[in-house]
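Student: Turn this into a model:
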Amino acid sequence: QVQLVESGGGSVQAGGSLRLSCAASGRTSSRWYMGWFRQAPGKEREFVASITWAGGSTAYADSVKGRLTISKDNAKDTVYLRMDSLKPEDTAVYYCNGLLNGIDYWGKGTLVNVSS
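Tutor: Okay, the predicted model is just below:
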């Protein structure tokens with residue numbers, strides 16, 4: 001089993017910054033793809049960013065490029081999402097995702113609220 005636990009959400013004013021963390025435990029692997037998704041009220045869950053555990057290749061949704069940065073710490077089995085220049089439309093529950101051998105694992109989510 002794999003467990004993903006997010007932390008770091010909160011309330012911030014537009015233009016501010018937050019850093020989310022996702023700690024993985026259990027059967028982690030160097031073959032992970034890990035990422036962040038978000039779901040705003042009344043909307044479907046959407047992709048935000050991803051990173052390969054071995055090589056560190058990253059991908060981003062167009063809406064967050066240049067403002068959000070995904071990174072990892074292999075020694076701590078933790079992936080981060082640094083969020084700068086936050087906008088009210090970034091308000092959502094942010095979910096950590098891990099993909100391994102075709103199986104998706106999800107955290108319970110952490111709420112980010114950006115006020116104007």
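Student: does the most centrally placed residue in the chain sit in a helix or strand, and which one?
Tutor: By C-alpha atoms, centre = their mean, the chain has its centre lying nearest to Trp36, at 2.9 Å. Here Trp36, judged by DSSP states H and E, is contained in strand 33-39.
Student: Enumerate every residue touching the residue nearest to the centre of the chain.
Tutor: By C-beta atoms under 8 Å, 6 or more residues apart in numbering, the residues touching Trp36 are Leu20, Cys22, Val48, Ala49, Ser50, Ile70, Val79, Leu81, Tyr94, Tyr95, Cys96, Asn97. Placement of C-beta: from N, CA and C, glycine included.
Student: bridging residues for Trp106?
Tutor: Taking DSSP bridges as the rule, Trp106 bridges to Asn97.
Student: Can you give me the neighbour number for it?
Tutor: If you count neighbours by other C-beta atoms under 10 Å, Trp106 ends up with 14.
Student: on that earlier part again, for the strand holding Trp36, list every residue counted as buried.
Tutor: Neighbour counts over strand 33-39 (16 or more other C-beta atoms under 10 Å) mark Tyr33, Met34, Gly35, Trp36, Phe37, Arg38 as buried.
Student: Let me see the mean pLDDT of the helix or strand just after it.
Tutor: Later in the chain than strand 33-39, the nearest helix or strand by DSSP H and E is strand 46-52. Averaging pLDDT along strand 46-52 yields 96.
Student: just stretch 91-99 next, same as before
Tutor: Computed over stretch 91-99, the average pLDDT equals 96.
Student: Likewise for stretch 18-37?
Tutor: The pLDDT scores in stretch 18-37 average 88.
Student: tell me which residues in it are buried?
Tutor: For stretch 18-37, a neighbour-count test (16+ other C-beta under 10 Å) marks 18, 20-24, 28, 32-37 as buried.
Student: As a markdown table, those with distance to Gly56 would be great.
Tutor: Shown next, in a markdown table, are the buried residues of stretch 18-37 (distance: C-beta to C-beta, whole Å):
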| residue | distance to Gly56 |
| --- | --- |
| Leu18 | 22 |
| Leu20 | 18 |
| Ser21 | 17 |
| Cys22 | 16 |
| Ala23 | 18 |
| Ala24 | 16 |
| Thr28 | 15 |
| Trp32 | 11 |
| Tyr33 | 11 |
| Met34 | 11 |
| Gly35 | 13 |
| Trp36 | 15 |
| Phe37 | 19 |
